[in-house]
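# task: produce atomic coordinates for the following.
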Amino acid sequence: TSFSLGKLLLNGNLFEGTIPDQFNHMESIEIVDFGFNSLRGQIPLTLSSASNLVDLRIGNNELSGEIPSIFSWMSGLEVFMAGNNELVGTIPIEIGRLSSLRIVELYENKLTGNIPDFVSTDLRQVHVDNNDLSGTIPFFDDGVPLEQIRLERNRLHGNLPIRLGDHTDLVVLHLNGNGFSGIVPHEYGRLEHLESFKLEGNTLTGTVPESICELILFHSLSTFNPKCDGSNVAFICDCCTACH
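Sure, this is the predicted structure:
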């Protein structure tokens, strides 16, 4: 027998134990929120039966194990929040293939491997900071209305991609605490809505572009100093703000 339940909102309680394993009879459910509890164990494979799921929030628990490859059956998923758990392994490539994805939060886990490229044209937030992820910055489709990219405190490397300067809706861009090298592209000066831009803890070189200095002088960028922790020693920044 299938249930016609549309929402399951159990966030912000003191629930312990594991996430229930009965989703194989909940094909119609669209929103599941178990966030901010004390749940343990693994993400149940039966979630793949919730084929109409749009919003899945299981962050701020004590979940462990790998993120299962169940997302091919959730083609309409828009929100996936699983940050601040004990998840390990890699980010399934199927998450990057979700065409309606708007928000993905996987911060503060123990994830490894590469961050998948994302195909969604409605992506707004990518928070995968504070893991052990490697590789380079993933690809985001041109014209995606990205507002927040948080990749800090991983093991990412390579040059900063010029194409990030095309995402002019960005408000938060945190790339600090990785292994990025090379220069800061002057194209980042197009990010006129940027309020928080963090680059410390890398090995950048060159001079900060004048276009970024103009973001500090004439737009929303309030603090920018990628040298405060002693990193980026070869990076010249005449317009950087004071360290706090």
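
# C-alpha only now, for contacts and for neighbours.
Fine.

# would you mind finding the longest helix in the chain?
Secondary structure of the chain read by DSSP state H shows that its longest helix is helix 210-218.

# next, the buried residues of that one.
Neighbour-count burial for helix 210-218 flags 211-216 (criterion: 16 or more other C-alpha atoms under 10 Å).

# please identify the buried residues of whatever helix or strand comes next after that helix?
Counting by DSSP states H and E, the element after helix 210-218 in chain order, helix or strand, is strand 234-236. Buried residues in strand 234-236, counted by 16+ other C-alpha under 10 Å: 235-236.

# residue 214 contacts residue 189, correct?
Yes - in this structure, residue 214 is within contact of residue 189 by C-alpha atoms under 8 Å, at 7.4 Å.

# can you show me the helices along this protein?
93-96, 210-218.

# take those helices and write them to a markdown table, including distance to residue 84 and mean pLDDT.
Converted to a markdown table, the helices of the chain look like this (distance: least, C-alpha to C-alpha, whole Å; pLDDT from 0 to 100):
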| stretch | distance to residue 84 | mean pLDDT |
| --- | --- | --- |
| helix 93-96 | 18 | 96 |
| helix 210-218 | 32 | 91 |
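
# distance to residue 124 added to those, as TSV?
Listed next are the helices of the chain as TSV, based on distance: least, C-alpha to C-alpha, whole Å:
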stretch	distance to residue 124
helix 93-96	13
helix 210-218	21
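
# to residue 140, which of those lies closest?
helix 93-96 (9.6 Å; C-alpha to C-alpha).

# tell me the gap between the least confident helix or strand in the chain by mean pLDDT and the middle of its chain.
Of all helical and strand segments in the chain, the minimum by mean pLDDT, DSSP states H and E falls on strand 234-236, at a mean of 89. Centroid separation between strand 234-236 and its chain, computed with C-alpha atoms, centre = their mean, to the nearest Å, is 28 Å.

# give me the sheet partners of it and which way each runs.
Strand 234-236 has the following sheet partners, assigned by DSSP bridges: strand 203-207 (parallel).

# any idea how far the partner strand is from the middle of the chain?
Relative to the centre of its chain, strand 203-207 is centred 25 Å away, using C-alpha atoms, centre = their mean.

# stretch 24-32 now?
Distance of stretch 24-32 from the chain centroid (C-alpha atoms, centre = their mean) equals 25 Å.

# quick one: average confidence on it?
In this model, stretch 24-32 has an average pLDDT of 88.

# ok, now stretch 180-197?
The model assigns stretch 180-197 a mean pLDDT of 95.

# pLDDT value on the residue nearest the centre of the chain, please?
When C-alpha atoms, centre = their mean is applied to the chain, the residue found nearest the centroid is residue 127 (2.0 Å). What the model reports as pLDDT for residue 127 is 98.

# now do the same contact list for it.
104-107, 148-151 (C-alpha atoms under 8 Å, 6 or more residues apart in numbering).

# tell me the one of the residues you listed nearest residue 65?
Ranked by distance to residue 65 (C-alpha to C-alpha), these are led by residue 106 at 13.5 Å.

# so what touches the least confident helix or strand of the chain?
Applying C-alpha under 8 Å, 6+ apart, the external contacts of strand 234-236 come out as 203-208, 227.

# what about the nearest residue in space to residue 238 that is not next to it in sequence, distance to residue 199?
Leaving aside its chain neighbours, residue 238 sits nearest to residue 208 (7.6 Å; criterion: C-alpha to C-alpha, 6 or more residues apart in numbering). According to C-alpha to C-alpha, to the nearest Å, residue 208 stands 11 Å off from residue 199.

# got it, and residue 54?
Distance of residue 54 to residue 199, computed by C-alpha to C-alpha: 34 Å.

# higher neighbour count, those two?
Set residue 54 next to residue 199 and count neighbours by other C-alpha atoms under 10 Å: residue 199 wins out with 23 against 19.
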